[in-house]
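**Student:** Build me a model from this:
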Amino acid sequence: QQSGRRYNLFLKRRLRIDKRHQSKDSIFFRDGVRRIDFVLSYVDDFNKEWEKKLERRKEFESNLQKAGLELETEDKKESEDGKIFFVKIHAPWEVLITYAEVLNIKVPIKENDIPSMVENPLDCVLSPLRLPEKVMHPEPDYFTAPFSKDKQELYLINDESTFFSPSMRNRIVNYILTRCPYGTEEGKKKFGIKRLLNNGTYTAAYPLHDCQYWKKANDPNCDNERYTLYMEWARFLRFYKEQPLDLIRKYYGEKIGIYFAWLGFYTEMLFLAAVVGLICFLYGLFTMDENMSSKEICDPAIGGEIIMCPLCDQECEYWRLNTTCESSQYSHLFDNVATLFFAIFMGIWVTLFLEFWKRRQARLKYEWDLVDFEEEQQQLQLRPEYEAKCTQKKRNPVTQEMEPYLPLTSQAVRFCISGTTVLFWVSLIIASMIAVIVYRLAVYAAFASLMENTQTLQPISGLLTPQLATSVTASCLNFVIIMILNFFYERIAIWITDMEIPRTHMEYENRLTMKMFLFQFVNYYSSCFYVAFFKGKFVGYPGAYTYMFNRWRNEECDPAGCLIELTTQLTIVMAGKQIWGNIQEAFVPWICNWWGRRKARNNPENLYSRWEQDHDLQTFGALGLFYEYLEMVIQFGFITLFVASFPLAPLLALMNNILEIRVDSWKLTTQYRRPVAAKAHSIGVWQEILNGMAILSVVTNAFIVAFTSDMIPRLVYYYAYYENEDSPMSGYINNSLSVFLISDFPDRNKPKENPENFVICRYRDYRYPPDHERKYLHSMQFWHILAAKLAFIIIMEHVVFIVKFFVAWMIPDVPADVKAKIKREKYLTQKILHEYELEKLKERLCQGDKRATEKEFIATEGRMELSRAM
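**Tutor:** Below is the predicted model:
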């Protein structure tokens, strides 16, 4: 019976092979001439909705043909699983030129005659990093102008089939698909492929990749751009090579191109920050043995004789300071003079990065014909969802046309619900952070008691202090909570943004971006803000400790300072996020695709069609790029807001980004369907977010150096309170610890045992001793240090801000040569257009206007039908 099934399957495949000799791994219709610009797929599921879906499809496809598109359907018998129908869509020339004018697409009118840039003298040194010229610049540079049907003779139209690139073609078809009606339901006009995908009428809608990524297509008309991108860009072994941005833009569109341009530029700039950060870390490493503070802590005659007050109430014992010897040595790696230099350097670096990016972005705008592309053009293109849900209409003051609008009362109600939801989720994050703090306080005593009483932990007790053990476990717990909250909030943010019904795609993305970033900012950075600015600052002193909820005693910093704990927190959250992000981005789509293609792997090429291959890939959704930006901007916050605590953060970010570029390019080229091309002339609202974080980073790093590190107390002691002129820092540890009389302990705080009958213990603060008339009150040294901290913050902020604004003023946003080229191109383009108009005027005077062709009439009529339907 099994052999009979195999024989029938063999006959079926043989019949299909004989039926069509040419390979189905093609991007053309059966005639081999008309290019497939888009593919729709659906399944005949015979349920109660089947007839309704069938009617929708018939109406929708009929309207697509009325709009001028040409369709070709592949029966489900031809598909691999025998269940899926594929509708292939081709946009003929008349449709392309009609909608190229609507979308204001720029096309070539003359080859660019402006001389290229002067050769870089370092080109010979950088040649190993370069890609071949054909890969870097796949097309000649042209002067361009917006397309107009009436001026076709003006443009360099050598071949109608290749004049519009595949990315332009799929953008035009997608524009029609998102606006094409499919009937009336519940008294409302329904339209758009997105709604049909949501209700299951179609299962997928996507443009095709031009070939398989691992080999070139057999068709000589195929450009094989996907193969070139994979070989030259999407493989990790090419990590040291520059990115083929022009080819990325040509294949995927400007929006994806500008993302990879920004990511590549950010990674290049990180190299400088990583080198300086590594030098600062090495300085701390090489001067570790010279650090007087850790020497005194480790000295048995000094740190071994200093008895510290218990770290928790009743259960904890008195302990000797030299038990924290190793942790004090490691804290010097990050808490040294180089920390101050690096904090100031990063304040200037972030300004250089943002200013030089503006210049790079201006150059790309010129090279990619985006100079005249303004967001106002997109403002005129309303979201189909907005047009569908807004039934009321009013006159647009700009276009003077009637268009749908959302009443003010409805907007107010929706914004109130949205704002309340966001506030609730932010409060939920803060509540979870408080829960983690409570965890830290609750387990701190347990760790302290366990490490003192467990003999097996004695060998590592010097390195793994109760503070560090608590910090590590709390950081891991916090990371897990962050990822869980992220999972739920992403869906909530999309839902409330949809509920607001934004008017345009740009408005939708901006609103979603602000909601997601606000949440992620609080989610990822709240724990770091707690350790940096709150932990150990409100502890009180022995006998008068402060308690959270009158139950848990606030935790103290390590005697060597809180900076090492901030470093631990930052490392775990940042590294954990990057590792998890790369696993999620690379392995999840690969496993999903492997599982989806497991039945088709043994099929011959002429059975496994190009549209089926792409159908089995993952979908790069409308928000795919949004998540990539969000990931990188959160990382940018880690390396700027808290970089004073961890100079190696830029190095970790650099290594991650080198991998990130290749992972993103690999998954986009091999694991995802081809995204619909979209235009963008900048990184959008992310630019403003980066500017805001750059300003905030100066403030946070100034506070970290002043209040979290021990730099200011050490400097005050060095200049004002030193006891030995030959060695000004000797005696600092003894000076920084106050004295407490054990007999003054209340019963709530007093340890159960004092086997060695200690009389006094020491604690980290600047207070008067028990025999002073101002017993346990802050000493004058405390106020001197506080004044020095505040003065340092003011001076550092003003110095960095002055340098930042001076650098920003000195560096123009648009390079001088780009300005000149833009003016030159505008002048020449206007001249060409003017000459063309004169020639046309002469022809019309002699011959008169020509009549439109039938196909042009059909395309124009289809466009009018779509406008009426909207």
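**Student:** if I pick the residue nearest the centre of the chain, what's in contact with it?
**Tutor:** Among the residues of the chain, the one closest to the centroid is Y629, at 2.2 Å (CA atoms, centre = their mean). Shown in contact with Y629 (CB atoms under 8 Å, 6 or more residues apart in numbering): Y259, T513, I683, W686. All C-beta atoms are positioned from the backbone trio N, CA, C, and that covers glycine.
**Student:** The second one and I683: what is the separation?
**Tutor:** From T513 across to I683, the span is 11 Å (CB to CB, to the nearest Å).
**Student:** Which two of the contacts of Y629 have the greatest separation?
**Tutor:** Spatial extent of those (CB to CB) is set by the pair Y259 and T513 at 13.5 Å.
**Student:** For the closest residue to L197 other than its chain neighbours, give its distance to Y213.
**Tutor:** Residue nearest to L197 in three dimensions, not counting chain neighbours: A205, with 6.3 Å by CB to CB, 6 or more residues apart in numbering. Per CB to CB, A205 is found 21 Å from Y213.
**Student:** pull the helix or strand with minimum mean pLDDT from this structure.
**Tutor:** Lowest mean confidence among the helices and strands of the chain (mean pLDDT, DSSP states H and E): helix 2-19, at a mean of 43.
**Student:** Following that helix in sequence, what is the next regular element?
**Tutor:** strand 38-43 (DSSP states H and E).
**Student:** How far off centre is the helix or strand following that following strand?
**Tutor:** Sequence order places helix 50-66 as the next helix or strand after strand 38-43, per DSSP H and E. Put simply, helix 50-66 sits 38 Å off its chain's centre (CA atoms, centre = their mean, to the nearest Å).
**Student:** One more: stretch 128-141?
**Tutor:** The chain centroid and the centroid of stretch 128-141 are separated by 27 Å under CA atoms, centre = their mean.
**Student:** Now do the SS call for L311.
**Tutor:** coil (DSSP: H, G, I helix; E, B strand; the rest coil).
**Student:** That one and R553 touch, don't they?
**Tutor:** No - using CB atoms under 8 Å, L311 is not in contact with R553; the gap is 9.1 Å.
**Student:** For those two, work out which one has more neighbours and name it.
**Tutor:** Just comparing L311 and R553: by other CB atoms under 10 Å the higher neighbour count belongs to L311, 23 against 19.
**Student:** Could you list every helix and strand in contact with the helix or strand hosting the residue nearest to L197?
**Tutor:** For A205, the host element (DSSP H and E) is strand 204-206. Helices and strands touching strand 204-206, by 3 or more CB pairs under 8 Å, 6 or more residues apart in numbering; DSSP states H and E, are strand 38-43, helix 193-198, helix 610-615.
**Student:** ok, A205 and Y213, which is more surrounded?
**Tutor:** Between A205 and Y213, counting by other CB under 10 Å, A205 is the more crowded of the two (23 against 17).
**Student:** Tell me who's in contact with the more buried one.
**Tutor:** A205 touches F38, V39, L40, S41, L177, I193, L197, counting by CB under 8 Å, 6+ apart.
**Student:** Kindly tell me how buried the fifth one is, as a neighbour count.
**Tutor:** By the other CB under 10 Å criterion, the neighbourhood of L177 contains 25 residues.
**Student:** residues contacting it?
**Tutor:** Counting by CB under 8 Å, 6+ apart, L177 touches F38, L64, G192, I193, A205.
**Student:** Then the second one?
**Tutor:** Contact criterion CB under 8 Å, 6+ apart gives F86, V87, K88, I89, A204, A205, Y206, P207, L208, W611, D614, H615 as the residues in contact with V39.
**Student:** Quickly find the element holding C761.
**Tutor:** Per DSSP H and E: C761 is located in strand 760-764.
**Student:** what helices or strands is that strand leaning on?
**Tutor:** Against strand 760-764 (3+ CB pairs under 8 Å, 6+ apart) you get strand 307-308, strand 737-741.
**Student:** what angle sits between it and strand 737-741?
**Tutor:** If you take axes from the mean of the first three to the mean of the last three CA atoms, to 10 degrees, strand 760-764 sits at 140 degrees to strand 737-741.
**Student:** Would you tell me what the next helix or strand after strand 760-764 is?
**Tutor:** Toward the C-terminus, strand 760-764 is succeeded by helix 780-810 as the next helix or strand (DSSP H and E).
**Student:** tell me the angle of that following helix relative to strand 737-741?
**Tutor:** If you take the same axes, to 10 degrees, helix 780-810 sits at 150 degrees to strand 737-741.
**Student:** and helix 780-810, what does it pack onto?
**Tutor:** Against helix 780-810 (3+ CB pairs under 8 Å, 6+ apart) you get helix 337-367, helix 685-703, helix 711-716.
**Student:** Adding distance to S161 and mean pLDDT, write those helices out as TSV.
**Tutor:** Listed next are the helices and strands packed on helix 780-810 as TSV, based on distance: least, CB to CB, whole Å; pLDDT from 0 to 100:
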stretch	distance to S161	mean pLDDT
helix 337-367	26	91
helix 685-703	37	92
helix 711-716	68	90
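**Student:** In CSV, list these along with distance to T323 and mean neighbour count.
**Tutor:** Formatted as CSV, the helices and strands packed on helix 780-810 follow (distance: least, CB to CB, whole Å; neighbours: other CB atoms under 10 Å):
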stretch, distance to T323, mean neighbour count
helix 337-367, 25, 20
helix 685-703, 30, 19
helix 711-716, 22, 20
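**Student:** Just the terminal-to-terminal distance for stretch 617-629.
**Tutor:** With CA to CA, to the nearest Å applied, stretch 617-629 spans 22 Å between its terminal residues.
**Student:** picking up where we left off before, would you tell me which one of the contacts of Y629 comes nearest to A677?
**Tutor:** For the contacts of Y629, the nearest to A677 is Y259 (13.1 Å; CB to CB).
**Student:** how about that closest one, what does it touch?
**Tutor:** Y259 touches L625, E628, Y629, I683, counting by CB under 8 Å, 6+ apart.
**Student:** following the longest helix belonging to the chain, which helix or strand comes up?
**Tutor:** Looking across the chain with DSSP state H, the single longest helix is helix 408-453. As assigned by DSSP H and E, the chain's next helix or strand after helix 408-453 is helix 466-500.
**Student:** Report how many residues lie close to the nearest residue to A338 once chain neighbours are set aside.
**Tutor:** In space, and not counting its chain neighbours, A338 is closest to C280: 3.8 Å by CB to CB, 6+ apart. When neighbours are defined as other CB under 10 Å, C280 has 23 of them.
**Student:** What sits closest to V759 if chain neighbours are left out?
**Tutor:** Spatial nearest neighbour of V759, chain neighbours left out: I742 (6.0 Å); criterion: CB to CB, 6+ apart.
**Student:** what about N550, how many residues close to it?
**Tutor:** Neighbour count of N550, defined by other CB under 10 Å: 6.
**Student:** And the pLDDT for it?
**Tutor:** Here, the pLDDT recorded for N550 equals 81.
**Student:** wait, is it part of a helix?
**Tutor:** No - assignment of N550 by three-state DSSP gives coil, placing it outside any helix.
**Student:** Contact partners for C761?
**Tutor:** I307, M308, C309, P310, Y318, P542, F740, I742.
**Student:** Quick check: the gap between it and L126.
**Tutor:** For C761, the distance to L126 equals 62 Å [CB to CB].
**Student:** picking up where we left off before, which phi and psi does the residue nearest to the centre of the chain have?
**Tutor:** Here is the backbone geometry of Y629 (degrees, to the nearest 10): phi -60, psi -50.
**Student:** could you redo the contacts of L177 as CSV and give each row pLDDT and distance to R57?
**Tutor:** Below are those laid out as CSV (pLDDT from 0 to 100; distance: CB to CB, whole Å):
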residue, pLDDT, distance to R57
F38, 95, 15
L64, 93, 10
G192, 85, 14
I193, 89, 11
A205, 94, 12
